[in-house]
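# fold the following, please.
(chains A and B)
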Protein chains: 2
Amino acid sequence: MSIITALNWRYAAKRMNGTKVPKAKMDVIMEAMSLAPSSFGLQPYSILIIENEALLRRIKPIANMQPQITEASSLIVFATWDKITQERINAYITQIAKERNISEDSLLSLRNPIEAQLNNSDEDNFIWNSKQVYIALGFGLVAAAEEGVDSTPMEGFNKEQLDELLFLKDKGLRSTVLMALGYRDTPNDYLVNLKKIRRVNDKLFAIYQ
Amino acid sequence: MSIITALNWRYAAKRMNGTKVPKAKMDVIMEAMSLAPSSFGLQPYSILIIENEALLRRIKPIANMQPQITEASSLIVFATWDKITQERINAYITQIAKERNISEDSLLSLRNPIEAQLNNSDEDNFIWNSKQVYIALGFGLVAAAEEGVDSTPMEGFNKEQLDELLFLKDKGLRSTVLMALGYRDTPNDYLVNLKKIRRVNDKLFAIYQ
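Down below sits the predicted model:
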């Protein structure tokens, strides 16, 4: 499926039918998310794949009882680093040096601007980290569409309650956005046949030639 | 090209060779960005496509003299709505009613939660809008890769100066992130042959089954 065909096919499914997404398709979606770029390459987030039914039933009331939570095949929780820390920077620099077989000293021109972020408040760095999450979300949404898998991005949930349920605070993470993956329940989803609305090109784009 | 092949091929080109991206490929990348979802479907941003050479030369010093600015075929400026306004909400609701041929009254269940955002501070809504921008950035990056076009996301620029140069404040916009589109300058880009670094799966992902 071409990317444009896939993206026109996709929509934010409000109802899903419970069908499981095959592992091969999940692998593609996960690898695409893993390949998303991020500022300095830090990937300042964890991506939780929730398939446990008991856990999903507990998440549903935290997410406004949205039916996709339990009708999805997987619920993806994008959980952002709550802050940038020296330890997280060190782990990243060590990994690069090891994988590229170079010295850590040769990476100072990368390390220094990352460490400069430590001068920002934790809250500012959390917001910055959160934005990177949305690139990975974008990659996941496109990959799902090209695999013929429905996806619903969701911001309507109680973040503090989800953090508590998943013990995210102890891990230095804060839940940021959700993505349900599964298959549309066509007979029961009011949205499936509604015309997709997008801003017209001459309002969305401005071209300076 | 499969999405995984394309995403492994892509990297953040630090040098580009000035070759122009054909219009047909630009059309695909732009349409993909247009099809990116956003919270409530608001698409709270404009996407500026800068190809004017004189303008690009003026942007370069604002962006730390990064060579891609003038070596790219197009520089994309993602410019976020500075705030949510009643006028912007009204325009959106009117558009949906018209395109779906329904009454605006029937859209109250969509209008009300959007209008509830007006209770947040402008700065909070700006941050929320900014995150949506990164989904469109993600869609643009994937589409470019699948079209064999190089792309470099860039946050390293002076936002206030770019806003001033492009008169964005008057338009209720704030520059947020850039994406250079073009073709890698393989002989001159130190990054092109370096191993791509990504967090290993068991650190990036957590699976709850």
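
# what are the boundaries of the strands in chain A?
In chain A, the segments counted as strands under DSSP state E are A:45-50, A:74-81, A:150-154, A:173-182, A:205-208.

# okay, those strands in CSV with mean pLDDT next?
Shown next, in CSV, are the strands of chain A (pLDDT from 0 to 100):
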stretch, mean pLDDT
strand A:45-50, 98
strand A:74-81, 98
strand A:150-154, 98
strand A:173-182, 98
strand A:205-208, 97
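
# B:W128 is nearest to which of the ones you listed?
With CB to CB, the closest approach to B:W128 among the strands of chain A belongs to strand A:173-182: 11.0 Å. To be clear about C-beta, it is placed using only N, CA and C from the backbone, and glycine gets the same treatment.

# could you check the angle the lengthiest helix in chain A makes with strand A:45-50?
Ordering each helix of chain A by length in residues (DSSP state H) puts helix A:122-146 first. Counting by axes from the mean of the first three to the mean of the last three CA atoms, to 10 degrees, helix A:122-146 points 50 degrees away from the direction of strand A:45-50.

# tell me which residues in helix A:122-146 are buried?
A:125-126, A:128-146 (16 or more other CB atoms under 10 Å in any protein chain shown).

# the helices in chain A, which residues?
Assigned by DSSP H, the helices in chain A fall at A:3-9, A:23-34, A:53-59, A:68-71, A:86-100, A:108-116, A:122-146, A:159-165, A:201-204.

# next, format the strands of chain A as TSV and append distance to chain B and mean neighbour count.
As requested, these are exported to TSV (distance: least, CB to the nearest CB, whole Å; neighbours: other CB atoms under 10 Å in any protein chain shown):
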stretch	distance to chain B	mean neighbour count
strand A:45-50	5	22
strand A:74-81	9	24
strand A:150-154	6	24
strand A:173-182	8	24
strand A:205-208	5	16
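
# go through the ones you listed and name the closest to A:A6.
strand A:150-154 (11.0 Å).

# ok, now which ones touch A:Y183?
Residues near A:Y183 by CB atoms under 8 Å, 6 or more residues apart in numbering or on different chains: A:A13, A:M16, A:N17, A:T19, A:V21, A:S73, A:V149, A:D150.

# those, buried ones only, as a PyMOL selection?
Command for PyMOL that selects the buried part of the contacts of A:Y183, burial taken from 16+ other CB under 10 Å:
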select buried, chain A and resi 13+16+17+21+73+149+150
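
# let's have the contacts of A:Y183 in CSV, adding distance to B:T5.
Formatted as CSV, the contacts of A:Y183 follow (distance: CB to CB, whole Å):
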residue, distance to B:T5
A:A13, 27
A:M16, 29
A:N17, 31
A:T19, 27
A:V21, 21
A:S73, 25
A:V149, 19
A:D150, 24
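
# returning to what we had before: so which of the helices of chain A gets nearest B:K159?
helix A:122-146 (12.9 Å).

# need the CA coordinates for the lowest-mean-pLDDT helix or strand in chain A. PDB is fine.
When each helix and strand of chain A is scored by mean pLDDT, DSSP states H and E, helix A:201-204 comes last, with a mean of 94. Provided in PDB are the C-alpha atoms of helix A:201-204 (Å, rounded to 0.1, in the frame of the first residue of the first chain):
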ATOM      1  CA  ASN A 201      -3.600  23.100   1.500                       C
ATOM      2  CA  ASP A 202      -3.600  26.900   1.000                       C
ATOM      3  CA  LYS A 203      -4.300  27.300   4.700                       C
ATOM      4  CA  LEU A 204      -2.000  24.600   6.000                       C
END
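
# list the contacts of that helix.
A:R198, B:M30, B:S34, B:Q43, B:S46, B:I47.

# from B:Y92, how far out is the fourth one?
Distance of B:Q43 to B:Y92, given as CB to CB, to the nearest Å: 9 Å.

# ok, those two, which is more surrounded?
A side-by-side neighbour count of B:Q43 and B:Y92, using other CB atoms under 10 Å in any protein chain shown, places B:Q43 first with 25 against 21.

# if I read this right, the more buried one contacts B:Q132, doesn't it?
Yes: counting by CB atoms under 8 Å, B:Q132 is a contact partner of B:Q43 at 7.3 Å.

# thought A:F78 was touching A:L166, still the case?
No: contact criterion CB under 8 Å: A:L166 and A:F78 do not qualify, at 11.9 Å.

# what do the two both touch?
Both A:L166 and A:F78 are in contact with A:L48, A:S175, where contact means CB under 8 Å, 6+ apart.

# kindly format the C-alpha coordinates of stretch A:85-103 as CSV.
C-alpha atoms of stretch A:85-103 as CSV (Å, rounded to 0.1, in the frame of the first residue of the first chain):
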residue,chain,number,x,y,z
THR,A,85,20.0,13.1,34.2
GLN,A,86,23.8,12.7,34.1
GLU,A,87,23.3,9.0,34.4
ARG,A,88,21.0,8.9,31.3
ILE,A,89,23.5,10.9,29.3
ASN,A,90,26.4,8.8,30.4
ALA,A,91,24.6,5.6,29.4
TYR,A,92,23.9,7.0,26.0
ILE,A,93,27.5,8.2,25.4
THR,A,94,28.8,4.8,26.6
GLN,A,95,26.5,3.0,24.2
ILE,A,96,27.6,5.1,21.2
ALA,A,97,31.3,4.7,22.0
LYS,A,98,30.9,0.9,22.3
GLU,A,99,28.8,0.4,19.2
ARG,A,100,31.0,2.6,17.0
ASN,A,101,34.2,1.3,18.7
ILE,A,102,35.5,4.8,19.5
SER,A,103,36.5,6.5,22.7
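
# from the rest of the structure, what touches it?
Applying CB under 8 Å, 6+ apart, the contact partners of stretch A:85-103 are A:41-42, A:44, A:81, A:104, A:106-107, A:110-111, A:114-115, A:118, A:172, B:194-195, B:197, B:199.

# go with 6 Å
Here stretch A:85-103 makes contact (CB atoms under 6 Å, 6 or more residues apart in numbering or on different chains) with A:L42, A:E104, A:L107, A:R111, A:I114, B:K195, B:I197.

# what do you get for stretch A:3-18?
The contact list for stretch A:3-18 (CB under 6 Å, 6+ apart) reads A:67-68, A:71-72, A:145-146, A:150, A:152, A:182-185, A:188-189, A:191, B:31-32, B:35, B:143, B:146.
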